[in-house]
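Novice: Fold the stuff below for me.
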Amino acid sequence: MKRKKTPIRAVFGSNAGSAGAHNRRVIIDAIRVNKALSRAELARATRLTKQTVSNIIDELEQDGLVTAQQTVKEGRGKPATPYRLAPEGAFAIGLQIDRNIARLVVVNLTGDIMMRCSEKLDAVNPEEGFESIVRLIRKARRDLEAICPGAGERTAGLGVAMPGPFGRAEVLSPEESGDSYSMAIWQQFPLVERLKDRTGLEVSLQNDAAAAAIAEKLIGNAHALRNVVCLYFGYGLGAGIIINGELYTGAADNAGEIGLIRPLGSANQATSLEHIASLASLCHAMGWNPDDDDLFALITEALQRETPQMIAWLDGAAAHLRWATQAVNLLFAPEAVILCATAPMPLIARLVAMINAERGKKDNRSGNPPLTVGTADLWTVAIGAASEPISNSFAPRHSALVKS
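Specialist: From the prediction side, this is the model:
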């Protein structure tokens, strides 16, 4: 059977002798993005020699990371064998810590969600919350081993995401320690070190907006893009920045904390963007408890009823998110700006429609892309957190080619 030809998306490899690890990642990434490729297709797309590709494919097949598919006819030449990633070749755990709840997902090498579970947390008592998290991780690993024997040895790591900013050095006051809005006390808890010690896994930490951007790249509208900014609308507001296919984290992993920007002309010195455009600000405007299990239903109902409080909040939030969209467009000139969220899809779609409807003539002249609707799901951040260990182990890193 002859396959229909489609453009192949891939990062270029290097035929330099020291680029073996980079080239291995390039091959894995090309197969992931394009679903299945033959050795000849891989060589053309990555600009690696056929022998280099063949050697890498043989290694990956031996390591259980790729599997050969049924041979297909590609033209007048000899039949070719496409290769796909082996779903059970690797696994990763993602953990989102967000005020009063921990959400955990396990994904395989191809990004399929193997399981998901959650646990209530105390936002201002990290010691007690930590023990709940450890129990959650242990149960997930036992369940994964039961359905995929040997998965423990193929678990790439544990990715953790939580609200930033990170690296606060000052001593917290009692008022700040009890601030569940920013989870300030969790920022000073040695979470990564303690998790490494209790789980034996490699542990990485990132802010929730960065994790949402990784999820958007894995399963959303940023899948084929190299340069993109994902605005993350959650309890707070942030941005995940992807440059040349890699997440830009900045100093202390705090890049993208746009929610802390104070709007010009604001009379209240304490007011920032996330006090105007976030789930927390919406709950405050509507008089809702943000911990309400029916919060998504409440939001959707208020949207359908066009309540005056909801309309007033939408007008203010859309205006400030429009400003944020213009700012990141001008700063980064990305292929897309995407609004993703831990919020109901009707709310995100409504905000995007309002923002795009009011785009100024200057936006159109500069060629900046309109805002795009992204993933809106309770599990977005946890999925992104789980994707980070997979990305860290298997995605191309151009920095690996630069010798210090």
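Novice: Looks to me like Ile185 is in a helix.
Specialist: Yes: assignment of Ile185 by DSSP: H, G, I helix; E, B strand; the rest coil places it within a helix.
Novice: Looking at it now. What's its pLDDT?
Specialist: We have a pLDDT of 81 for Ile185.
Novice: Run a quick neighbour tally on Glu306.
Specialist: Number of residues near Glu306 (other C-beta atoms under 10 Å) recorded here: 9. Heads up, the C-betas are built off the backbone N, CA and C, glycines and all.
Novice: Show the contacting residues for it.
Specialist: Glu306 makes no contacts at all, as judged by C-beta atoms under 8 Å, 6 or more residues apart in numbering.
Novice: do the same with Asp143
Specialist: Met115.
Novice: Dump the C-alpha coordinates for the strand or helix carrying it into CSV.
Specialist: Asp143 belongs to helix 126-147 when assigned by DSSP states H and E. In CSV, the C-alpha atoms belonging to helix 126-147 read as follows (Å, rounded to 0.1, in the frame of the first residue of the first chain):
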residue,chain,number,x,y,z
PRO,A,126,3.2,22.1,53.3
GLU,A,127,4.5,19.5,55.8
GLU,A,128,1.1,17.9,56.0
GLY,A,129,0.4,18.4,52.3
PHE,A,130,3.7,16.8,51.4
GLU,A,131,2.8,13.5,53.1
SER,A,132,-0.5,13.5,51.1
ILE,A,133,1.5,14.0,47.9
VAL,A,134,3.9,11.1,48.7
ARG,A,135,0.9,8.8,49.3
LEU,A,136,-0.6,9.9,46.0
ILE,A,137,2.6,9.2,44.1
ARG,A,138,3.1,5.8,45.7
LYS,A,139,-0.4,4.7,44.8
ALA,A,140,0.0,5.8,41.2
ARG,A,141,3.3,4.0,40.8
ARG,A,142,1.8,0.8,42.2
ASP,A,143,-1.2,1.0,39.9
LEU,A,144,1.0,1.7,36.9
GLU,A,145,3.2,-1.3,37.7
ALA,A,146,0.1,-3.5,37.9
ILE,A,147,-1.0,-2.6,34.4
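Novice: Averaged pLDDT, that helix. What do you get?
Specialist: Mean per-residue pLDDT for helix 126-147: 94.
Novice: Give me the buried positions along it.
Specialist: Going by neighbour count (16 or more other C-beta atoms under 10 Å), the buried part of helix 126-147 is 126, 129-130, 133, 136-137, 140-141, 144.
Novice: which regions of the stretch 151-300 of the chain sit below the pLDDT cut-off?
Specialist: 167-182, 264-270 (pLDDT under 70).
Novice: so how many other residues sit close to Gly236?
Specialist: Neighbours around Gly236, by other C-beta under 10 Å: 29.
Novice: Nearest spatial neighbour of it, chain-adjacent residues omitted?
Specialist: The shortest distance from Gly236 to any non-neighbouring residue, by C-beta to C-beta, 6 or more residues apart in numbering, is to Glu274 (4.4 Å).
Novice: Strands along the stretch 101-250 of the chain, start to end?
Specialist: For the stretch 101-250 of the chain, the strands defined by DSSP state E, counting those that start in this stretch cover 101-108, 113-120, 155-162, 203-207, 228-233, 237-243, 246-248.
Novice: How about the stretch 301-404 of the chain?
Specialist: With DSSP E, counting those that start in this stretch as the criterion, the stretch 301-404 of the chain has strands spanning 336-341, 371-376.
Novice: For the last one, name the packing helices and strands.
Specialist: It stands for strand 371-376. Packing partners of strand 371-376 (3 or more C-beta pairs under 8 Å, 6 or more residues apart in numbering; DSSP states H and E): helix 208-219, strand 336-341, helix 345-357.
Novice: ok, and which of these has the densest surroundings?
Specialist: helix 208-219 (a mean of 29; mean count of other C-beta atoms under 10 Å).
Novice: Now do it and strand 336-341, the angle between them.
Specialist: For helix 208-219 against strand 336-341, the angle by axes from the mean of the first three to the mean of the last three C-alpha atoms, to 10 degrees is 110 degrees.
Novice: Using PDB, write out the CA atom coordinates for helix 208-219.
Specialist: Taking C-alpha atoms only, helix 208-219 is exported to PDB below (Å, rounded to 0.1, in the frame of the first residue of the first chain):
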ATOM      1  CA  ASP A 208       2.100  26.300  36.200                       C
ATOM      2  CA  ALA A 209       2.100  28.600  33.200                       C
ATOM      3  CA  ALA A 210       5.200  26.900  31.800                       C
ATOM      4  CA  ALA A 211       3.600  23.500  32.400                       C
ATOM      5  CA  ALA A 212       0.400  24.600  30.600                       C
ATOM      6  CA  ALA A 213       2.600  25.700  27.600                       C
ATOM      7  CA  ILE A 214       4.300  22.300  27.400                       C
ATOM      8  CA  ALA A 215       0.900  20.600  27.500                       C
ATOM      9  CA  GLU A 216      -0.300  22.900  24.700                       C
ATOM     10  CA  LYS A 217       2.700  21.900  22.700                       C
ATOM     11  CA  LEU A 218       2.200  18.200  23.300                       C
ATOM     12  CA  ILE A 219      -1.600  17.900  22.800                       C
END
